[in-house]
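Enquirer: can't give you the sequence, but here's the structure:
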């Protein structure tokens, strides 16, 4: 008998029919003798509808009241799922974040979990009940309702699994799992069976939106085995686990890309102490996040500084830099919105040299110019012209043996 | 400076625009220096929508989970009103029944309030905030959410006014107040300016659906002055107050009628001990409420027993009685669904004889046969043929000087 936490997102509980299907799945597990804790999101579209109401009331909706409003979404789905489970002849009880005592800080709309009490859940589990918990929400020690931000139900599920020392945490979504790359641009993309927390962190942050990144970090810290899988099939999905549970790690686990960034270059920046802060302070003061930064300074000479920002911040950043360029005596600023970031991710590269080199060679062979490079222990990212995105992803996918056709027969 | 509790029903908060209008009204009061506590219902239609979801999930929806589900309705409106008040430049805070600590028993979907804590509300009032409280809901000492049943928001408002020793409790609705009779069948119907709790209790129970009857009883017990008025105008409505606050009481305050009942007669019932219980026990066991009962027993003789039930229960009751008639050796059972109950209500009749006689004379003069009569201290009800309902109401309205044209000029 295992203790399993299952989390179902908005599309999985988007209608009363879908909620009934969730009930069936949960009951199959319970009939196999498992203790079940189920975490639900609001029905898909509900949160946006409520935010629409809020926008009608107040130009900048009060954050405490926004949480009061949004917390109703999961309250509806948990009550309905508990009813469906009871109708099917088993027993269930729904619990709000407040009732469980999911204690958070008071950062409304993006609260962080401080502590979770487990007594009440355990009492209901011991009585044979399925415990259905509202995701996304908590309560402050003062008694105010809070929400954890978008994707917060994943965090609730993982935090509950950690607190309850659950055997696994299943995250149900509308895809079959985590893929080696985006199947929309690479037909050879393949579902990954097993991946490490660190790889998942890199993949999530790069845009593979199956799992909220905070929940992956939490799962890693508390060693909660995550299973990302589809609500709409019985297939195994992707397990996200500790590195030592991987029998053999792939050199590269996945290829990701982002077309959300823009590149900015400041030419002939005088090499003076403090010049970087003069450039980046006004930008960060404007709330713009800078991603990759490249600066090759040769002492005493002029240099170019290149960096990337989100495209949504591009024009605003260029406006700020016009002033900065004058202030610091640089030559000019120019930028390019038509770029893409392509990255390879894999824990295997930590113990294997030459992975980055292979990446560069593959790009060169296809005639793709690399504008910027950044690397971490388990990731190499290149900025290239946007038009080459698909070509780069497909070629790298094949080069690192991720294609379906390269897999063992039993796959 | 007064402490005022205002309650707005579902039609008054049925859209974001309407909620903004509520905010404006509340703020006018606050600007006059009053401390404001506002109780809201769910948006009109929301409770039925949620009950529809519940019916999809479970043939007999679990009552605890139904309360979990329904309690979301007011949570939405209170958050939105707090936002609207803040947008208008004042301060507000929304509070759930659970947060106020509106403690109820555990009778889910029809819970009764046991206790209300006032510290948190007073703290916010002292800080200059409008306190917006979710109506209709409470929490058990175990921490389960409960609801108070239909019309429960009125009860919340009156109970809060009592607990806070508020100066008045304003119940906002979509009519101008309580009328002397139904304006739909009597054009001369007039808004009542002031009425006693007892009269309101009789009028409410007879179908004048402006106020939930439980809340009137509660207001009477704690001497909370009620003001029933319209959300959509500035006019004074109807004050419901203690009897000693009425300068001069009308003999008759209002005429009500009900077409929801049916009459049943059992002929030639043997006069034996226990025969009444043999008749009514199977009926009440079937969950049928019996209203008026008439039995004129002359010792040792056969008698007829006549009573009324709701029309919805008529066929079921007749079915049960077929058996009963055989058991007790009565002659027959027959009934009439085409009846109406017309009642006159007024505290004045307590100290004034002849009111009932006047009623009977008026009916006789119009050729209306009275089938059954029942009286209380402040009410006389007659069962008549349904087709005479409008005629009876209009004639009685005139006879007891309730018509607009009979009123003083300043009215």
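Expert: Looks like it arrived, so ask away. Small disclaimer: the values here were computed from a predicted structure and weren't measured.
Enquirer: next, count neighbours for residue A:100.
Expert: Using other C-beta atoms under 10 Å in any protein chain shown, residue A:100 has 24 other residues around it. In short, each C-beta sits where N, CA and C put it, glycine included.
Enquirer: hey, where'd the strands end up in the stretch 51-200 of chain A?
Expert: Assigned by DSSP state E, counting those that start in this stretch, the strands in the stretch 51-200 of chain A fall at A:92-95, A:102-104, A:113-116, A:130-134, A:137-139, A:145-147, A:168-173, A:194-196.
Enquirer: just send these back as CSV, with mean pLDDT too.
Expert: Shown next, in CSV, are those (pLDDT from 0 to 100):
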stretch, mean pLDDT
strand A:92-95, 98
strand A:102-104, 97
strand A:113-116, 96
strand A:130-134, 98
strand A:137-139, 98
strand A:145-147, 98
strand A:168-173, 95
strand A:194-196, 91
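Enquirer: for those strands, which one sits closest to chain B?
Expert: Among these, the nearest to chain B by C-beta to the nearest C-beta is strand A:92-95 (5.3 Å).
Enquirer: partner strands of the closest one and their direction?
Expert: strand A:130-134 (parallel) (DSSP bridges).
Enquirer: list the contacts of the partner strand.
Expert: Outside strand A:130-134, the residues that touch it by C-beta atoms under 8 Å, 6 or more residues apart in numbering or on different chains are A:26-27, A:30, A:36-40, A:71, A:74-75, A:77-78, A:81-82, A:85, A:90-97, A:100, A:121, A:124-125, A:156, A:160.
Enquirer: of these, buried ones?
Expert: A:26-27, A:30, A:36-40, A:71, A:74-75, A:77-78, A:81-82, A:85, A:90, A:92-97, A:100, A:121, A:124-125, A:156, A:160 (16 or more other C-beta atoms under 10 Å in any protein chain shown).
Enquirer: just for the stretch 201-350 of chain A, where's the confidence low?
Expert: Residues of the stretch 201-350 of chain A that meet the criterion pLDDT under 70 lie in A:205-209, A:245-249, A:297-300.
Enquirer: ok, now with 90
Expert: Residues of the stretch 201-350 of chain A meeting the criterion pLDDT under 90: A:201-214, A:232, A:243-253, A:268-278, A:284-305, A:346-350.
Enquirer: burial measure for the residue in it positioned nearest to chain B, as a count.
Expert: Nearest to chain B, among the residues of the stretch 201-350 of chain A, is residue A:231, at 17.6 Å (C-beta to the nearest C-beta). Residue A:231 has 18 neighbours, counted by other C-beta under 10 Å.
Enquirer: go on, residue A:304?
Expert: 15.
Enquirer: surely it touches residue A:270?
Expert: No - counting by C-beta atoms under 8 Å, residue A:304 does not reach residue A:270; the two are 11.8 Å apart.
Enquirer: wait, a helix at residue A:11?
Expert: Yes - counting by DSSP: H, G, I helix; E, B strand; the rest coil, residue A:11 is part of a helix.
Enquirer: now it: how far from chain B?
Expert: Distance from residue A:11 to chain B, counting by C-beta to the nearest C-beta, to the nearest Å: 17 Å.
Enquirer: can you map out the helices along the stretch 151-300 of chain A?
Expert: With helices called from DSSP state H, counting those that start in this stretch, the stretch 151-300 of chain A shows them at A:152-163, A:197-205, A:213-222, A:275-285.
Enquirer: if we can go back for a sec, so who does the residue of the stretch 201-350 of chain A closest to chain B touch?
Expert: A:8, A:9, A:11, A:12, A:18, A:21, A:22, A:25, A:172, A:173, A:174.
Enquirer: tell me which of the buried ones among the contacts of strand A:130-134 fall in helices.
Expert: Per DSSP state H, helices hold the following members of those: A:26-27, A:30, A:74-75, A:77-78, A:81-82, A:85, A:97, A:100, A:121, A:124-125, A:156, A:160.
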